[in-house]
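[1] Let me see the structure of the following:
(one chain, ligands or ions: 1)
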Amino acid sequence: MNIQLHRFYGLIKFMDKTRYDLFVERYPEFLETLELDDLRKRDYTRLEKTGQVYLDYTGGGLYAESQVKTHQSMLLEGVFGNPHSTNPSSLHATELVESARDAVMTFFRADPNEYVVIFTSNASGALKLVGESYPFAKNSRYLLTFDNHNSVNGIREYALAKGASVTYIPVMPPFMRVDESKLPGYLDGLDGGNNLFAYPAQSNFSAVQHPLEWIELAHQKGWDVLLDAAAFSPSNRLDLSLYKPDFVPISFYKMFGYPTGVGALIARRKALTKLQRPWFAGGTITVASVQAEKHYLAEAPMAFEDGTLDYLNIPAVEIGLKHLESIGMEKIHQRVLCLTGWLIQNLLEVKHPNGTPLVRFYGPLDTEKRGGALAMNFVDEAGRVVDHRWIEERANTVDVSLRTGCFCNPGAGELALGISSSELTSCFNQPVHEQRLTYNEFRLCIDGKASGAVRVSVGLVSTFDDVEAFIRFAQSLVK
Ligand SMILES: Cc1ncc(COP(=O)(O)O)c(C=O)c1O
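    Next up is the predicted model:
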């Protein structure tokens, strides 16, 4: 065949290709995850039936219908009493709760001699347990990244109340990573005492995955480490036999959608011995006396589980973990990254007629050390940011579920959106804002600057069609 004919056939072949062909050509590893498309057709039938495009996996995962059915049969067939007793129905509940506890340990490859799982109502509940009991004192430091969920930021109130100092490590726009050369400087110079360093394994704003190697570095310099794994654990393997953070909060609904209302603090036994619980409650003590005004805390995990555990829902955690294991975290991770890469590449190509790109990303533009969420704003032809609330309204009309705002991560938001510390201070110091500040008042304060962003996130059963729907949605905004 002569070269021109070859080129001609090459062109025809190219024109014949569907977007899906181009996608798998770019991400051939996606083909190894196709069983998830089948799983979705079989076990997440409501997505097809309702036509919903779900792009908020960082907000909450989706459950398989089989998880609910397995749990429902368990409830319909068994008799479960309040644990903490020795009657048969109570023992039955205890057995299932302890089995779920073991399943969490196994899933995270945690050594039972080293770690313990404390059930909480969500990741925030786990963080509060640490915050309220960590022995902060005047010579303590609480060090955390700007990029943190508010439930990690909130621990600073406990630290400050006990006279500890609080330091934030900035992340740098536009890619939203920490300047690692500066990290040792933040970690050095401890003055004895108890010191806590907190960061997310994956940002719920930018999806940056901050290095797990920081854990060992911080330990060597005398810190306890709180690794927030709430956004990381739904599509990444956290292996606690390799990395040894002291405190790991998670929410199970983020990992597999069902049940809601159950989370855990996975904690190192050694670090737990430091914690000083501010109170005791039903279930947390061995003995408490009214007349002697004395109580003795039980061993962990009991000492940290206040009152009656959610003993009917906790068994569903084991069902969810089995579901994830049957797929494999590595496969989920792979799929999520392929879809994320495709989204980035295609959204960057959407431009206004005058050539202005439609989307401004806050976070990495590649798939290295990141998860499956994209924070962005849409801009008009003149480069002005379009109100994220309007984008959400438009997305709602085409049944696309995305999230807007600051995603409870104000630090990353402030840095990404260029809201300065002086602007914030002057806003918060206005006498009318002493007690109260609404969202609209806040927007006015920062002079109409973008106060939030749009986040789309993919997960376990996201498909090529889902991300294509979002790309089409973006394209529709420039026409
Ligand atoms: C990184 C991160 N940490 C903590 C939380 C708090 O989780 P929950 O609201 O389930 O307590 C979230 C929730 O979005 C999160 O993304």
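
[2] Now do the helix or strand encompassing residue 343: everything it contacts.
    Assigned by DSSP states H and E, residue 343 belongs to helix 329-348. Here helix 329-348 makes contact (C-beta atoms under 8 Å, 6 or more residues apart in numbering) with 23, 26-27, 29-30, 32-33, 35-36, 207, 234-237, 324, 357-359, 361, 365-367, 370-374, 376, 456, 458-460, 462, 464, 466-467, 470-471, 474. For glycine as for every other residue, the C-beta is placed from the backbone atoms N, C-alpha and C.

[3] Could I get the CA-only coordinates of it as PDB?
    Extracted C-alpha coordinates of helix 329-348, given in PDB (Å, rounded to 0.1, in the frame of the first residue of the first chain):
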ATOM      1  CA  MET A 329      -9.300  -2.300  46.200                       C
ATOM      2  CA  GLU A 330      -6.500  -2.200  43.600                       C
ATOM      3  CA  LYS A 331      -9.100  -2.600  40.900                       C
ATOM      4  CA  ILE A 332     -11.300   0.100  42.200                       C
ATOM      5  CA  HIS A 333      -8.300   2.400  42.500                       C
ATOM      6  CA  GLN A 334      -7.300   1.700  38.900                       C
ATOM      7  CA  ARG A 335     -10.800   2.400  37.500                       C
ATOM      8  CA  VAL A 336     -11.200   5.600  39.400                       C
ATOM      9  CA  LEU A 337      -7.800   6.900  38.100                       C
ATOM     10  CA  CYS A 338      -8.600   6.100  34.500                       C
ATOM     11  CA  LEU A 339     -11.900   7.900  34.700                       C
ATOM     12  CA  THR A 340     -10.300  10.900  36.500                       C
ATOM     13  CA  GLY A 341      -7.600  11.200  33.900                       C
ATOM     14  CA  TRP A 342     -10.100  11.200  31.100                       C
ATOM     15  CA  LEU A 343     -12.200  13.800  32.900                       C
ATOM     16  CA  ILE A 344      -9.200  16.100  33.400                       C
ATOM     17  CA  GLN A 345      -8.000  15.800  29.800                       C
ATOM     18  CA  ASN A 346     -11.500  16.400  28.300                       C
ATOM     19  CA  LEU A 347     -12.500  19.200  30.600                       C
ATOM     20  CA  LEU A 348      -9.300  21.000  29.900                       C
END
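
[4] What is the burial count for the residue lying closest to residue 54 once chain neighbours are set aside?
    Closest residue in space to residue 54, ignoring its immediate chain neighbours: residue 401 at 5.1 Å, by C-beta to C-beta, 6 or more residues apart in numbering. Residue 401 has 15 neighbouring residues, counting by other C-beta atoms under 10 Å.

[5] phi, psi of residue 401?
    Phi and psi for residue 401, reported as degrees, to the nearest 10, are phi -90, psi 110.

[6] Contacts only, for it.
    Residues near residue 401 by C-beta under 8 Å, 6+ apart: 52, 53, 54, 55, 56, 395.

[7] Make a markdown table from the residues you listed and add neighbour count and pLDDT to it.
    Output for those, formatted as a markdown table (neighbours: other C-beta atoms under 10 Å; pLDDT from 0 to 100):
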| residue | neighbour count | pLDDT |
| --- | --- | --- |
| 52 | 14 | 97 |
| 53 | 23 | 98 |
| 54 | 22 | 98 |
| 55 | 29 | 98 |
| 56 | 18 | 98 |
| 395 | 22 | 98 |
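
[8] In strands, which of those residues appear?
    53, 54 (DSSP state E).

[9] Name the nearest of the contacts of residue 401 relative to the ligand.
    The nearest member of the contacts of residue 401 to the ligand, counting by C-beta to the nearest ligand atom, is residue 56 at 10.2 Å.

[10] correct me, but that closest one touches residue 403?
    Yes: proximity of residue 56 to residue 403 meets the contact threshold set by C-beta atoms under 8 Å, at 5.1 Å.

[11] shared neighbours, those two?
    455, 456, 457.

[12] Am I right that residue 39 is in a helix?
    Yes: secondary structure of residue 39 (DSSP: H, G, I helix; E, B strand; the rest coil): part of a helix.

[13] residues in contact with it?
    Residue 39 touches 64, 327, 461, counting by C-beta under 8 Å, 6+ apart.

[14] Please report which of these has the highest neighbour count.
    residue 64 (25 neighbours).

[15] May I ask you to confirm that that one is in contact with residue 44?
    Yes: using C-beta under 8 Å, residue 64 makes contact with residue 44 at a distance of 6.1 Å.

[16] I am finished for the moment; much appreciated.
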